[in-house]
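Chemist: sequence first, then the predicted structure, then my questions.
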Amino acid sequence: MPGGRLTQQERQQIASGLLDNLPYAEIARRLHRPTSTITREVMRNGGHTAYRADLAHHATERRAQRRRPVTSSGATALPQEHGRDPLAVAEYGETLTTVLMASGVSKMAARVLTYLFITDSGSLTASQLAQRLQVSPASISKAITFLESQSLVRRERDERRRDRYVIDDDLFYQATIASARANDQLVATARQGVAILGPQTPAAARLENIARFLDFISESIVRAAEQARAVLRTGSPSAGPANGQPDQT
């Protein structure tokens, strides 16, 4: 029933809806389920093209058998500010983590990024992340190393000389620019191949088309990122905690 675990019949309906190219929201409406439930179910079990109802059902049963009861120190038991529903926040965090993983981010990096996203301060220490995610400091360190390499988090020192990991609006701009500029080397290498293979050959023409395509995409992304940052800076709300302020918990 709505609100409980998905049944095998519901999973079959999800699979049928995916075959019919229905949006997640429409599948959710037909099942009287939240869209987030359908998104999480599909992403966790192979994605849009690989989802299979029977495999998803068996995988869920296995996870339920392995799952330990959540203790009072678990992430889902953390008190929530602003009158938020702890269960709803926990479920949303799981959905966001699943979507980030589907975009190519590793599971631990996605979990770290999710906690930084949904923390009002946008700033946590390694020990806070390890405690909330119930993992080792080494796991946090590895995830942070990846996220820093992608310009998705920024490292700062607080007044107690602890490293804090920060996420804010400007980091999305920096990550987008870094991604666009990463194409520059591929463009240059492709055009190097044009000279080596001979400008009049089919292989060289293919490489030149790749270079032109990526060149155009990079320029468009950089231009859009500049415009988006300008809009956000002029229209950002003044209320609420400042980005990067330490979390007091």
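Modeler: Nice, I can see it.

Chemist: quick one, strands of the chain?
Modeler: Counting by DSSP state E, one finds strands in the chain at the ranges 123-125, 154-157, 163-166.

Chemist: what packs against the first one?
Modeler: Helices and strands touching strand 123-125, as assessed by 3 or more CB pairs under 8 Å, 6 or more residues apart in numbering; DSSP states H and E, comprise helix 107-118, strand 163-166. The C-beta positions use only the backbone N, C-alpha and C, and glycine is treated the same way.

Chemist: can you tell me which of the ones you listed is nearest to Gln200?
Modeler: Of all the helices and strands packed on strand 123-125, it is helix 107-118 that lies closest to Gln200, at 45.4 Å by CB to CB.

Chemist: most tightly surrounded among the strands of the chain?
Modeler: Each of the strands of the chain was scored by mean neighbour count; the highest is strand 123-125, a mean of 21, by mean count of other CB atoms under 10 Å.

Chemist: okay, now the sheet partners of that one, with direction.
Modeler: Note on strand 123-125: by DSSP bridges, its sheet partners are strand 163-166 (antiparallel).

Chemist: what's the burial count for Ser204?
Modeler: For the record, residue 204 is Ala, not Ser. Neighbour count for Ala204, taken as other CB atoms under 10 Å: 18.

Chemist: ditto for Ala25
Modeler: Ala25: 12 neighbours (other CB under 10 Å).

Chemist: so what's it closest to, chain neighbours aside?
Modeler: Of all residues not flanking Ala25 in the chain, Thr35 sits nearest, at 4.8 Å (CB to CB, 6 or more residues apart in numbering).

Chemist: could you list the domains of the chain?
Modeler: Domain segmentation of the chain under automatic domain parsing yields 8-66, 76-166, 169-235.

Chemist: I'd like those domains as TSV, with mean pLDDT appended.
Modeler: Listed next are the domains of the chain as TSV, based on pLDDT from 0 to 100:
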stretch	mean pLDDT
domain 8-66	84
domain 76-166	83
domain 169-235	87
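
Chemist: who wins for proximity to Val112 among the strands of the chain?
Modeler: For the strands of the chain, the distance to Val112 is smallest for strand 163-166, at 7.7 Å, taking CB to CB.

Chemist: residues in contact with Ser106?
Modeler: For Ser106, the contacting residues are Ala143, Phe146, by CB atoms under 8 Å, 6 or more residues apart in numbering.

Chemist: that older thread, out of the strands of the chain, which gets nearest to Asn183?
Modeler: Using CB to CB, these put strand 154-157 closest to Asn183, at 23.0 Å.

Chemist: so what strands line up beside the closest one?
Modeler: strand 163-166 (antiparallel).

Chemist: returning to what we had before: does the residue nearest to Ala25 touch Glu41 like I think?
Modeler: No - taking contacts as CB atoms under 8 Å, Thr35 lies outside contact range of Glu41: 10.7 Å.
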